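Colleague: mind looking at a prediction? Sequence and model below.
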Protein chains: 2
Amino acid sequence: MEASPAPSPPVSDGRPRRSGYRRLPVQQRREQLISVALELFASRPPEEVSLDDVAEAAGASRPLVYRYFAGGKQQLYEAALRSAAEELTSRFTVPPAGTPTEQLSAVLDSYFTFVAEHDAGYSALLRGGSVVETARTSAIVDDVRRAALRRTLRHLGVREAGPRLTLLVRSWISVVEGASLSWLDEGRTLPVAELRDWLVDQFVAMAAATALRDPQSAEVLAGVLALEDPAEPRTGRLRTVLTR
Amino acid sequence: MEASPAPSPPVSDGRPRRSGYRRLPVQQRREQLISVALELFASRPPEEVSLDDVAEAAGASRPLVYRYFAGGKQQLYEAALRSAAEELTSRFTVPPAGTPTEQLSAVLDSYFTFVAEHDAGYSALLRGGSVVETARTSAIVDDVRRAALRRTLRHLGVREAGPRLTLLVRSWISVVEGASLSWLDEGRTLPVAELRDWLVDQFVAMAAATALRDPQSAEVLAGVLALEDPAEPRTGRLRTVLTR
């Protein structure tokens, strides 16, 4: 994934170290710089973060930061974004057991754990309006959305999704995204469990409304329904709508 | 709305005009430059559009463009974005007659007419990934979303929306946005009337799912339902879900 050149070892220049700087192995230093950068880029507008800020927060010198990220702030920003995107994508794994709504709830729980842990970092990942946003950073964010779409369709057992089913899943993903941003914006007022249940309800409702007009969505939903616990109230509503 | 200084008349320098340049009244020239800029910024990545391109497409000189937009490309870009945003917002007007679903359909028709007319300009309005995107341009786009939220809530007769009702309306607006971007991306494959009906269905489904847990949303929906044609099939489904 990383296109940056392998950095030379940062502590081979033989000069005395400035006090307070710690020696770290190459990979560990790289990860530390990325993690520190992500925190900084997240907690204030990325255009207000300087490489000096990153160096200081990492307990490193500015030249050291440049040795790892010769492309400067933009390269560091993109590496931080990519690291967050990879971690987020890894959360999309569906647990093997449970009914479809239980599995969906579990994925959403894992997603909200990420959002809560990364807070401002997550907002920075999804929000534009930053001078460091480029076609490349947008592509990183779009990759996350595409991964979410792919995983969802695969989980639903769909090989080739038609335009209506794709639209449904994409739209629901944008609802999840928007809902989590609103949740952060509004100081996490709503309990996360309620938000998760609301999003599962939304999926059911949106899918049912799409199935009314689209045979592929109806077929996929019928398959999901067969795996669902008949006592689950959402299933009852879904059945009602589907069988009208 | 415009913070730019009033331009001095552009044709008072007494030098002979280069052939092909046309004299235009101040306001008309300003509007023409904005409209030409919007087309250009929309049809290719804004960072690849130069002021020379705008001048050429407008049949004007580069100094003339600068006389109107002393802040250069960024100012022109923002003016173009603001102009598109204002036009889009003006489309959110709800027709006075009709049932709620008919009114919603009419607003969506008007919205899709804007989207179809502005095509790439609309994508540029909503998509990040451009070097000319800043906190200021994001604020313009957010203003449009806020206006859509306000109009929708006002139309629903809501004075003070709680977090769940706000989340519902915001989420639906993001579904509309995402759906229209997908529609453009995929070469307008789906008929716009189908997309419009799908979005009305989505509103009904999402609202019904929210009303199950939120008394305010349930109350608002009950009010809307009372105005709805009882023969309208969506209303039937909504009633079913609400009365469970």
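Modeller: The structure has been received and is ready for your questions.

Colleague: distance of residue A:106 from residue B:95?
Modeller: Residue A:106 sits 45 Å away from residue B:95, taking Cβ to Cβ, to the nearest Å as the criterion. For every residue, glycine as well, the C-beta is placed using N, CA and C.

Colleague: look at those two and report which has more neighbours.
Modeller: When neighbours are counted by other Cβ atoms under 10 Å in any protein chain shown, residue A:106 and residue B:95 differ, and residue A:106 comes out ahead with 16 against 12.

Colleague: quick one: residues contacting the more buried one.
Modeller: By Cβ atoms under 8 Å, 6 or more residues apart in numbering or on different chains, the residues touching residue A:106 are A:94, A:95, A:98.

Colleague: tell me the SS of the second one?
Modeller: So the one you mean is residue A:95. coil (DSSP: H, G, I helix; E, B strand; the rest coil).

Colleague: and the nearest residue to it once chain neighbours are set aside, what's its pLDDT?
Modeller: Closest residue in space to residue A:95, ignoring its immediate chain neighbours: residue A:106 at 4.9 Å, by Cβ to Cβ, 6 or more residues apart in numbering or on different chains. Per-residue pLDDT puts residue A:106 at 93.

Colleague: what strand or helix carries residue A:106?
Modeller: helix A:100-126 (DSSP states H and E).

Colleague: I'd like the distance from that helix to the chain centre, please.
Modeller: Distance of helix A:100-126 from the chain centroid (Cα atoms, centre = their mean, to the nearest Å) equals 7 Å.

Colleague: stretch A:188-198 now?
Modeller: 18 Å.

Colleague: near chain B at all, that stretch?
Modeller: Yes. Residues of stretch A:188-198 are located near chain B by Cβ under 8 Å from any Cβ of the partner chain, namely A:189, A:190, A:194, A:197, A:198.

Colleague: got a list of what the second one touches?
Modeller: If I follow you right, that is residue A:190. Per Cβ under 8 Å, 6+ apart, neighbours of residue A:190: A:183, B:163, B:164, B:167.

Colleague: contacts only, for residue A:92.
Modeller: A:107, A:111, A:147, A:148, A:151.

Colleague: let me know the secondary structure of it.
Modeller: coil.

Colleague: sorry, back to before: buried residues, the next helix or strand after the helix holding residue A:106. List them.
Modeller: Scanning forward in sequence from helix A:100-126 by DSSP H and E, the next helix or strand is helix A:135-155. Residues A:137-138, A:140-141, A:144-145, A:147-149, A:151-153, A:155 are the ones in helix A:135-155 that count as buried (16 or more other Cβ atoms under 10 Å in any protein chain shown).

Colleague: still on that earlier bit, of the contacts of residue A:106, closest to residue B:115?
Modeller: residue A:94 (34.5 Å; Cβ to Cβ).

Colleague: quick one: is the strand or helix carrying residue A:168 near chain B?
Modeller: Counting by DSSP H and E, the element that carries residue A:168 is helix A:163-185. Yes. Using Cβ under 8 Å from any Cβ, helix A:163-185 comes into contact with chain B via A:163, A:164, A:166, A:167, A:170, A:171, A:174, A:175, A:177, A:178, A:179, A:182.

Colleague: what's the local residue count around residue A:231?
Modeller: Residue A:231: 7 neighbours (other Cβ under 10 Å).

Colleague: cool, residue A:31 as well?
Modeller: Residue A:31: 14 neighbours (other Cβ under 10 Å).

Colleague: distance of it relative to chain B?
Modeller: Residue A:31 sits 27 Å away from chain B, taking Cβ to the nearest Cβ, to the nearest Å as the criterion.

Colleague: quick one: name whatever helix or strand follows the helix or strand encompassing that residue.
Modeller: Using DSSP H and E, residue A:31 sits within helix A:26-43. Following helix A:26-43 in sequence order, the next helix or strand is helix A:51-58 (DSSP H and E).

Colleague: enumerate the positions of that next one that are buried.
Modeller: Residues A:53, A:54, A:55, A:56, A:57, A:58 are the ones in helix A:51-58 that count as buried (16+ other Cβ under 10 Å).

Colleague: next one, pLDDT for the first one please.
Modeller: We note a pLDDT of 95 for residue A:53 in this prediction.

Colleague: tell me the spacing between it and chain B.
Modeller: Residue A:53 is 19 Å from chain B, by Cβ to the nearest Cβ.

Colleague: do the same with residue A:208
Modeller: 6 Å.

Colleague: same deal with residue A:94?
Modeller: 22 Å.

Colleague: and residue A:60, which of the three is it?
Modeller: Applying three-state DSSP: residue A:60 is coil.

Colleague: quick check, it in contact with residue A:37.
Modeller: No. Between residue A:60 and residue A:37 there is no contact under Cβ atoms under 8 Å: 11.3 Å.

Colleague: neighbour count winner among these two?
Modeller: residue A:37 (26 against 23).

Colleague: nearest residue to the more buried one other than its sequence neighbours?
Modeller: Closest to residue A:37 by Cβ to Cβ, 6+ apart is residue A:80, at 4.5 Å.

Colleague: tally up the residues packed near that neighbour, please.
Modeller: Here the number of neighbours of residue A:80 (other Cβ under 10 Å) works out to 26.

Colleague: same question, the one 5 residues further on
Modeller: A count of nearby residues for residue A:85, using other Cβ under 10 Å, gives 19.

Colleague: so which elements touch the strand or helix carrying it?
Modeller: Using DSSP H and E, residue A:85 sits in helix A:72-90. Judged by 3 or more Cβ pairs under 8 Å, 6 or more residues apart in numbering or on different chains; DSSP states H and E, helix A:72-90 is in contact with helix A:26-43, helix A:51-58, helix A:100-126, helix A:135-155.

Colleague: got JSON lines for these, with distance to residue B:225 too?
Modeller: Output for the helices and strands packed on helix A:72-90, formatted as JSON lines (distance: least, Cβ to Cβ, whole Å):
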{"stretch": "helix A:26-43", "distance to residue B:225": "43"}
{"stretch": "helix A:51-58", "distance to residue B:225": "55"}
{"stretch": "helix A:100-126", "distance to residue B:225": "27"}
{"stretch": "helix A:135-155", "distance to residue B:225": "32"}
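
Colleague: rank those helices by pLDDT, which is bottom?
Modeller: Looking at the helices and strands packed on helix A:72-90, the weakest mean confidence is helix A:100-126, a mean of 82.
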